[in-house]
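Asker: structure for this input, please:
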Amino acid sequence: MRGIQDIDLSIMPKELLLLLQIINLEKGKDTEKIIDKYFIDIDWELFLELARHHRIYPLVYSKLKILDNKTIPLYVIQTLYQEYKENTYYMLKLSGEMERVSKLFTENNIRLLFLKGPAIAAEIYGDISLRTSKDLDILIPITDLIEVEKLLLNCGYVKEEIDPDLTKKKWGSYHVSYYHSQKKIQIEIHWRLFRAPAKEPSFNELWKRKRVSLLTSYPVYFFGKEDLFFYLVTHGAKHGWFRLRWLADIDQIIRERNITNGNYSLLKKYQRHYLVGQALILTSQLFATPIHDEILSLTKEKRSRKLAKLAIFYIVEMSYLNINQLSKESMANYYKFNPFSKKSNLMKSYLLKLYEFSVRTNIQKFFYILGLLNPSSADVKTLKLPKSLYFLYFPLRPFLIFWRKTRRSL
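Answerer: Predicted coordinates for the structure are as follows:
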């Protein structure tokens, strides 16, 4: 972590810091040093929920095997083991479906690239049990979209229903979901990597640089090294890294020395080089990632440092918003002794939007502002208007948002 300025992690709950400490354990290293500092007054319910939310419980369980610490309750270890085992079974199930879909599409002359899933887990970790995947994300040429839908529907998949409400229509969509109720598997079909007007490599470019997975007997194709790094960094940054699994991926790639100056040329080409710096700063601070000299200069950019600091807040707040099924006591513990908890909901909302705005390119910022002005279903719930007056939601939207945020603070 040479030359990287520390960022403030004090707003992170101690349960999340403990999870990171466990993940960062290395075989043969002294594990006693983390006991006194990080194992005090841990809310184990919150600990488990954060491991689930961040999708890092397989990594946590794999490291608990080398941590001889009786401070961790037995039920916590047993819960992590059960979820680790269930995830392993599900990843094997996804692997089988991934191979079947690849064969089906290929036999129908449809090219496909897997964006995530078991193929990526095997590539990054060398073990599919160490990463979670909710579904299979597949990139295809947009010209094959109609044929792909026919194939999936014939195989028992059902297309995701789109809410007919005018306030929920999405412009610039770039993927559609299908679900198989018997297999309990979801497939997302993408014809772009990101929402337009974001610039990105064409499908033909990506196809030329593809690799074949060694996980299956029938060929399964996924991104080349540079394209995979481009996608993982851009996708993680877009979502504020609010699931630490995405940063764990970057950490593993860097540790395996799979990133060089050549690996981020795509991010330079598409004006997102500052996202590499952000990712390196975050992984070095959260996962103790060793940043080698060849890429250290990327962490010096002012915009990268600003985005890294905003991301810490984003990670904390979005985690809180996504784990609200916890007990009242555990929810209170999430922000315990944290001055950030005293900020109003309006200020927290502002900081979230500030990150989402700052991470974008200039053209994306323009369309993001337009999107903010577009009415949402929350606006309809806040103020009921007859359809003939729906146009009023546009000028009233800022006031409706302000009303909702201030009411939550009361």
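Asker: chain center to stretch 119-135, what's the gap?
Answerer: 14 Å (C-alpha atoms, centre = their mean, to the nearest Å).
Asker: in the stretch 301-410 of the chain, mark out all the strands, start to finish.
Answerer: Using DSSP state E, counting those that start in this stretch, the stretch 301-410 of the chain contains no strands.
Asker: how about residue 382: what's its closest non-neighbour residue?
Answerer: residue 400 (4.8 Å; C-beta to C-beta, 6 or more residues apart in numbering). Yep, even glycine has a C-beta here, placed from its N, CA and C like the rest.
Asker: for residue 381, see how far away the one you found is.
Answerer: Applying C-beta to C-beta, to the nearest Å, the value for residue 400 to residue 381 is 10 Å.
Asker: tell me the pLDDT at the residue of the chain most remote from its centre?
Answerer: Ranked by distance from the centre of the chain (C-alpha atoms, centre = their mean), the top residue is residue 388, with 39.4 Å. pLDDT recorded at residue 388 is 76.
Asker: that older thread, residue 400 and residue 381: which has the busier surroundings?
Answerer: Taking neighbours as other C-beta atoms under 10 Å, residue 400 and residue 381 compare with residue 400 leading, 18 against 11.
Asker: what segments of the stretch 301-410 of the chain are helices?
Answerer: Under the criterion DSSP state H, counting those that start in this stretch, helices of the stretch 301-410 of the chain are mapped to 302-322, 328-334, 345-358, 362-373, 377-382, 393-409.
Asker: please identify the most buried of those.
Answerer: helix 302-322 (a mean of 19; mean count of other C-beta atoms under 10 Å).
Asker: could you measure from residue 19 over to residue 378?
Answerer: Residue 19 sits 32 Å away from residue 378, taking C-beta to C-beta as the criterion.
Asker: residue 20 now?
Answerer: In terms of C-beta to C-beta, residue 20 sits 33 Å off from residue 378.
Asker: give me the domain ranges for this structure.
Answerer: 97-223, 360-409 (automatic domain parsing).
Asker: tell me which of those lies nearest to residue 291.
Answerer: Closest to residue 291 of those is domain 97-223 (C-beta to C-beta; 17.8 Å).
Asker: pLDDT averaged over the closest one, what's the number?
Answerer: pLDDT averaged over domain 97-223 gives 92.
Asker: what about that domain, how long is it end to end?
Answerer: 19 Å (C-alpha to C-alpha, to the nearest Å).
Asker: ditto for stretch 283-301
Answerer: 16 Å.
Asker: from the chain's centre, how far out does that stretch sit?
Answerer: Centre-to-centre, stretch 283-301 and its host chain are 20 Å apart (C-alpha atoms, centre = their mean).
Asker: related to what we said a few turns ago, pipe the helices of the stretch 301-410 of the chain into CSV and attach distance to residue 116 and mean pLDDT per row.
Answerer: CSV is the format used below for the helices of the stretch 301-410 of the chain (distance: least, C-beta to C-beta, whole Å; pLDDT from 0 to 100):
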stretch, distance to residue 116, mean pLDDT
helix 302-322, 19, 93
helix 328-334, 28, 82
helix 345-358, 22, 88
helix 362-373, 22, 75
helix 377-382, 28, 79
helix 393-409, 32, 70
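Asker: can you redo the ones you listed as TSV with distance to residue 95?
Answerer: What follows is the helices of the stretch 301-410 of the chain, written out as TSV (distance: least, C-beta to C-beta, whole Å):
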stretch	distance to residue 95
helix 302-322	27
helix 328-334	35
helix 345-358	34
helix 362-373	35
helix 377-382	37
helix 393-409	43
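Asker: run a quick check on residue 55 versus residue 243, I expect a contact.
Answerer: Yes. The pair residue 55 / residue 243 is scored as a contact, 5.3 Å apart, by C-beta atoms under 8 Å.
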